[in-house]
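Student: coords please:
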Amino acid sequence: MKKMFSIVVSLLLVSAVLFSFTSCHKDGVYTPKKKISRIYTQISGQAKMLTEQWTWKDNLLSKIDYYYNGTYSHTNRYQYDGKQLTEVLIEEGKIRFTYDGSKLEKMEMWFSGSLFWKAKVTHEGNKIVEIEFTEYDVYTVMKSSRSSAYDALKGVLPESSCAHIAELSKKRAAKSAKTGVEVWNLYYTYDGNNIKEERYVVSGEEDKYTYTYDKELNPFFNLLVGGQSYSDYEFSKNNIINVVYTNNYDGDYAETEFSYVYEKSYPVERTTYYVTGNSFGVTDYYEYE
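Tutor: Here you go, the predicted structure:
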């Protein structure tokens with residue numbers, strides 16, 4: 001998992017989340033006070049480019065159009081039962097969400113007509129504390145596009161989780177028999193309304209991410225089920241300023257910091273600094289409706 005940290009960072013910086021585990025509302029509902037309309041990304045030394053465009057309908061997120069190098073890439077579409085998210089539709093696939101009343105109970109990913117994975121969700125109170133993933137044999141279908149299978153979870157799980165899961169999936173698939181079934185667990189630990197630790201455990205190996213926050217407002221807080229985040233936007237009330245990565249198997253360590261520009265307590269810019277590598281990464285720009 002040595003390359004996981006850098007891969008995760010690059011994915012996180014061009015994405016945002018839609019939903020939060022910590023909401024006092026029911027899972028699957030996202031009705032924020034500040035609605036994201038566009039996200040731009042500028043890599044150090046390069047031009048600022050559009051990466052996401054959000055479309056809203058009847059106060060609900062309808063779709064997100066994604067762009068790569070300024071060119072349209074793909075669209076994720078969101079379907080609801082009332083105000084509760086039921087499906088995310090992607091090219092050649094979908095993710096279905098099942099609830100036990102107000103709480104998310106199960107997720108299933110279908111890709112090209114095959115069940116790619118399922119996930120069992122465990123709560124403590126209103127917070128999701130564990131997700132057990134079971135991934136099935138779809139290696140022929142997903143051989144070169146495993147990240148796409150988890151991309152649609154952005155807006156449902158923290159952004160960091162989406163990237164970590166995709167990387168872990170690829171690594172486990174490379175080690176396993178093609179007919180095998182892979183199972184791993186994701187654990188979240190909270191400090192009040194913020195995620196303190198995010199752990200990925202499989203076959204005795206553990207990747208851990210530890211977060212520190214400022215006191216300003218996170219525009220993605222009170223979303224549904226969280227999503228991929230070094231900003232862990234979907235889970236946390238405040239904005240992440242530091243994240244430390246460790247691995248108990250090979251001793252890997254990495255540290256990243258974030259700085260922000262705020263308007264009325266909400267971020268309009270976020271810049272990434274890789275402490276371990278002593279270098280600046282990208283700057284994200286947020287526009288609101």
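Student: below-threshold pLDDT in this structure: ranges please.
Tutor: Low-confidence regions of the chain, defined by pLDDT under 70, span residues 1-33, 137-152, 154-155, 158-160, 163, 167, 169-180, 221-235.
Student: for the stretch of helix or strand V282 belongs to, C-alpha coordinates in PDB please.
Tutor: For V282, the element it lies in under DSSP states H and E is strand 279-288. Extracted in PDB, the C-alpha atoms of strand 279-288 (Å, rounded to 0.1, in the frame of the first residue of the first chain):
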ATOM      1  CA  SER A 279       6.200  20.600  -1.800                       C
ATOM      2  CA  PHE A 280       2.900  22.300  -2.700                       C
ATOM      3  CA  GLY A 281       0.200  20.400  -4.600                       C
ATOM      4  CA  VAL A 282      -3.000  21.800  -6.000                       C
ATOM      5  CA  THR A 283      -5.400  24.600  -5.100                       C
ATOM      6  CA  ASP A 284      -9.100  24.000  -5.200                       C
ATOM      7  CA  TYR A 285     -11.600  26.800  -5.800                       C
ATOM      8  CA  TYR A 286     -15.200  26.500  -4.700                       C
ATOM      9  CA  GLU A 287     -18.200  28.500  -6.100                       C
ATOM     10  CA  TYR A 288     -21.600  28.500  -4.500                       C
END
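Student: for it, packing partners?
Tutor: strand 36-43, strand 266-274 (3 or more Cβ pairs under 8 Å, 6 or more residues apart in numbering; DSSP states H and E). All C-beta spots, glycine's among them, are computed from the backbone N, C-alpha and C.
Student: now do the helices in the protein.
Tutor: For the chain, helices defined by DSSP state H occupy the ranges 4-12, 139-142, 146-151, 159-175.
Student: save the helices and strands packed on strand 279-288 as TSV, and put in mean neighbour count and distance to K127 too.
Tutor: What follows is the helices and strands packed on strand 279-288, written out as TSV (neighbours: other Cβ atoms under 10 Å; distance: least, Cβ to Cβ, whole Å):
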stretch	mean neighbour count	distance to K127
strand 36-43	18	23
strand 266-274	18	24
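Student: can you list these in a markdown table and add distance to D100?
Tutor: Formatted as a markdown table, the helices and strands packed on strand 279-288 follow (distance: least, Cβ to Cβ, whole Å):
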| stretch | distance to D100 |
| --- | --- |
| strand 36-43 | 29 |
| strand 266-274 | 33 |
